[in-house]
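**Q** Turn this into a structure:
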Amino acid sequence: MKHRTLTQIIAMLFCALFAVSAFPITVSADTGPKPSVRISFENMGDELCYGTLLSKTESTGPASAWNGDNTDARHNENEAYSYAAFDYETWKAFVEYEDTDGYYFLQEGWVVSETKKIEWTYYPPDSFKILLYYPETQSFVVSGIYERYAFDAYYTVDMDGVNIGSVAYDVEQPIEAYRSYPYTQEVLSLAARIVITILMEMGIALLFGFRRKKQLLLLIGVNTATQILLNVLLNGTNYNAGPLAFVGFYILLELVVFVLEAILYCIWMKKFSAQPRKNWFYVLYSLVANGVSFGAGILIARWLPGIF
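**A** Predicted coordinates for the structure are as follows:
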């Protein structure tokens with residue numbers, strides 16, 4: 001009966017944690033990482049090209065549509081905005097562009113022909129259109145409407161066959177973007193984290209004298225289950241809420257895993273031991289194993305940020 005109640009509590013706890021990690025978390029403090037929208041352009045020529053993201057709203061973060069005040073004109077010929085990517089004529093062309101869906105130019109821009117990218121990394125618009133301007137032909141190309149689908153949203157635009165010789169005001173969707181989030185890299189990183197963590201914790205188990213076949217099978221099974229749950233929840237948190245929430249949730253989940261594993265070891269390890277130990281011994285093992293794997297994860301994240 002006790003075991004059944006414990007199982008129900010554990011199941012409810014993980015369901016709650018999964019629900020938290022599956023939805024975006026809003027953080028009001030202006031510290032830590034910010035969401036981003038990153039657009040990559042393939043098969044783009046070398047013609048001078050400027051780009052921006054049009055926004056459904058008139059402002060986002062510090063970026064905003066021009067209010068008609070020349071002191072707030074964000075081009076590099078205005079002394080207050082000498083760092084801006086656009087000169088006056090380019091800025092004016094974007095300001096005068098009339099979007100058919102009523103989306104706004106927020107005076108943020110990139111020289112796309114140099115980098116083949118638009119990377120809006122500080123309060124990007126949630127709903128946006130991609131707008132490119134070719135000053136040599138004074139022509140625009142514009143995309144359809146897209147959404148920031150993750151904390152860091154990635155899109156790719158294939159420019160092959162795009163006609164830049166005419167103004168594209170009347171074209172419904174002259175360029176199209178597709179989501180290019182690095183899912184394969186995330187899955188491989190997830191698998192690598194799980195394998196590395198299990199190997200470390202099994203090594204610690206041997207140091208604690210857990211060498212019997214049933215003991216090792218129990219440890220492998222428990223560690224595999226908890227690490228899969230832990231890392232899947234962490235990936236969901238990182239995808240929806242970003243690295244700042246990831247760190248906080250990482251600490252919370254590690255504490256949950258420690259308690260869960262300690263309870264399971266106290267119940268089952270005694271049954272698989274020729275000379276059962278006191279409960280504190282199994283709790284100590286869980287604490288050391290999870291502490292080492294947590295610390296190692298932080299260190300490895302510095303050396304191999306693509307894995308952790």
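
**Q** Only C-alpha atoms from now on, for both contacts and neighbour counts.
**A** Noted.

**Q** Listing request: residues of the stretch 1-150 of the chain with sub-threshold pLDDT.
**A** 1-33 (pLDDT under 70).

**Q** And the helices in it, which stretches?
**A** According to DSSP state H, counting those that start in this stretch, the stretch 1-150 of the chain carries its helices in the segments 2-22, 88-96, 112-115.

**Q** Which positions in the last one come out as buried?
**A** By neighbour count, with 16 or more other Cα atoms under 10 Å as the criterion, the buried positions of helix 112-115 are 112, 113.

**Q** With just CA atoms, put it into PDB.
**A** Extracted in PDB, the C-alpha atoms of helix 112-115 (Å, rounded to 0.1, in the frame of the first residue of the first chain):
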ATOM      1  CA  VAL A 112      21.800  40.600 -45.400                       C
ATOM      2  CA  SER A 113      24.000  40.400 -48.500                       C
ATOM      3  CA  GLU A 114      27.100  40.400 -46.200                       C
ATOM      4  CA  THR A 115      26.000  37.800 -43.600                       C
END
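
**Q** Report the distance from that helix to the chain centre.
**A** Centroid separation between helix 112-115 and its chain, computed with Cα atoms, centre = their mean, to the nearest Å, is 24 Å.

**Q** Do I have it right that residue 204 meets residue 287?
**A** No: Residue 204 is beyond contact range of residue 287, at 10.9 Å (criterion: Cα atoms under 8 Å).

**Q** elements contacting the lengthiest helix in the chain?
**A** As assigned by DSSP state H, the longest helix anywhere in the chain is helix 213-241. Judged by 3 or more Cα pairs under 8 Å, 6 or more residues apart in numbering; DSSP states H and E, the packing partners of helix 213-241 are helix 2-22, helix 183-207, helix 243-268.

**Q** Can you flag the weakest of those by average pLDDT?
**A** Across the helices and strands packed on helix 213-241, helix 2-22 has the smallest mean pLDDT, namely a mean of 47.

**Q** tell me which residues of the longest helix of the chain are tucked away?
**A** So for helix 213-241, counting by 16+ other Cα under 10 Å, buried means 215-216, 218-219, 222-224, 226-241.

**Q** State the distance from residue 57 to residue 36.
**A** 16 Å (Cα to Cα, to the nearest Å).

**Q** Having no further points to raise, I will conclude here.
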